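Student: This is a predicted model, with the sequence first.
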Amino acid sequence: MRRRRDFLVTYQEGTRLHGRLTVLFARRSGPDQPWRLGQTATGKIGGAVVRNRLRRHGREIFRHWRATLPGGWDFVVNYKHRAVEADQAELRRDLLASLRRLGIDPEPAAHAQSGPPA
């Protein structure tokens, strides 16, 4: 997502899911639409290098989920100040937990294997 209007509609009509490192806004856009990602990182969390690194990590995480995320969703990720200190694996876990609360599991095989040991 690139247009301010798309972000605002997602904020107003979407579901807000608070994680430790992020706030994820998710909105149904239409079953025949591809999923879209928007990201925000304010100047309060750091300089341009820090903000761009967070957004780069976020894009990489969603890129890995590209094939398993269902279409028809708009996602906006707002990064919290805590995300600055987190590595990409922590960020992935935080976003994954938020998506699962929404009923979307982009890593179903990993979730099934994470049960108690046999």
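Tutor: Perfect, thanks for sending it.

Student: Could you use CA atoms for every contact and neighbour count after this?
Tutor: Will do.

Student: remind me which residues of this protein are low pLDDT?
Tutor: When residues are selected by pLDDT under 70, those of the chain lie in 110-118.

Student: give the contact list for Ile61.
Tutor: 88, 92 (Cα atoms under 8 Å, 6 or more residues apart in numbering).

Student: measure it to Arg5 for me?
Tutor: 24 Å (Cα to Cα, to the nearest Å).

Student: now Asp94
Tutor: 26 Å.

Student: Which one's more surrounded, these two?
Tutor: Asp94 (19 against 10; other Cα atoms under 10 Å).

Student: what about the closest residue in space to that one that isn't next to it in sequence, how many neighbours?
Tutor: Closest residue to Asp94 apart from its sequence neighbours, by Cα to Cα, 6 or more residues apart in numbering: Gly19 at 6.0 Å. Using other Cα under 10 Å, Gly19 is surrounded by 17 other residues.

Student: Surely Gly19 touches Arg93?
Tutor: No. If you go by Cα atoms under 8 Å, Gly19 and Arg93 don't touch, sitting 9.7 Å apart.

Student: Next, give phi and psi for the residue nearest to Asp94.
Tutor: phi -110, psi 180 (degrees, to the nearest 10).

Student: what's it in contact with, if anything?
Tutor: Taking Cα under 8 Å, 6+ apart, one finds 94-95, 97-98 in contact with Gly19.
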